[in-house]
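A.B. asks: Below are the sequence and a predicted model for it; my questions follow.
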Amino acid sequence: MKNVIVKILVFSMLLTLLPNIQYVKADTGIQDKVTSVDVSKVESEVNKELGIEVSNELKINIEKETDEKVVVNTTLDTTDLSVSTDIDMNLETGGITVFGKTVDENGEETQQNFDVYVQEVEGNDFIATFVDQETGKEYEVNTLKASASIWPVVVAAVARYGIQYAIKKYGKQAVTSAMKQVPKSINKVDDKFLKRKGIDAHELKRDYLGRSVSISKYDIYVDKKTGRLWIYLKGGKGTPIPTDSFIK
């Protein structure tokens, strides 16, 4: 079931976001080329999975659009399956959350939500993470590297739309400032504290940053609500990198 909702998310997000990407690009004067996406291939996969023509069944609506956020709702109702998704984009912080719900023919409901974290934007390419809110499973995406997965397509579409829309609304400086804000629930933790918790800060940063990056430029933060550890540039700058390590 979750595989189905993932594919629905992919197709509905592409249908919703790609036209707006072109619009924002033209309106802001940004000249970089929009990433080419084979929407027909994604649609074909969804049609095969569900045995229906998704393009004829999907309903897409802008539920909310303000200076602070945009919420896009998509619904799909068939004899055997009902799917509803909300794509929530915070234009002030750059935060993206995807909420998905399915109800099968027996009335069984399945919820799947994702937090989307964009770590780096370089031209048309992105490094980002989709985190399943329930399982904690992370879908690491790096569009700089070749991949057969359709996840890079989704993240690129979402990230481009959200960032370019924010640039259109607030300008580049406002976007940069918003992305540097550290939530109040997240605090910096020192290496000694982490060591007492059984975590080697050096190894943790190396695992997520790689060996070509100077880890001395980064600090580790903890979310007081969830216990998840995050990696920020010193001073809490930049977009954080979520880790799969937790402390209490």
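C.D. replies: Happy to help now that I have it.

A.B. asks: Domain ranges for the protein, per the record?
C.D. replies: As recorded under automatic domain parsing, the domains making up the chain are 2-178, 183-246.

A.B. asks: mean pLDDT for those domains: which is lowest?
C.D. replies: Lowest mean pLDDT within the domains of the chain: domain 2-178, at a mean of 57.

A.B. asks: count of neighbours near residue 234?
C.D. replies: By the criterion of other Cβ atoms under 10 Å, residue 234 has 11 neighbours. C-beta: built from backbone N, CA, C; applies to glycine.

A.B. asks: Contact partners for it?
C.D. replies: Counting by Cβ atoms under 8 Å, 6 or more residues apart in numbering, residue 234 makes contact with 217-219.

A.B. asks: make it 10 Å
C.D. replies: 188, 216-219 (Cβ atoms under 10 Å, 6 or more residues apart in numbering).

A.B. asks: Now that we have these, which of them are buried?
C.D. replies: When these are checked for burial by 16 or more other Cβ atoms under 10 Å, the buried set is 218-219.

A.B. asks: Let's have the contacts of residue 234 in JSON lines, adding distance to residue 87.
C.D. replies: Output for the contacts of residue 234, formatted as JSON lines (distance: Cβ to Cβ, whole Å):
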{"residue": "188", "distance to residue 87": "31"}
{"residue": "216", "distance to residue 87": "37"}
{"residue": "217", "distance to residue 87": "33"}
{"residue": "218", "distance to residue 87": "30"}
{"residue": "219", "distance to residue 87": "31"}
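
A.B. asks: Give me the subset of the contacts of residue 234 that lies in strands.
C.D. replies: 188, 218-219 (DSSP state E).

A.B. asks: if we take these, which one ends up nearest to residue 243?
C.D. replies: Distance to residue 243 across those (Cβ to Cβ) is lowest for residue 218, with 11.5 Å.

A.B. asks: Beta-bridge partners for the closest one, please?
C.D. replies: residue 233 (DSSP bridges).

A.B. asks: next one: residue 69
C.D. replies: Taking DSSP bridges, one obtains residue 90 as the residues bridged to residue 69.

A.B. asks: Wait, it touches residue 62, no?
C.D. replies: No - under the criterion of Cβ atoms under 10 Å, residue 69 is not in contact with residue 62, lying 11.3 Å apart.
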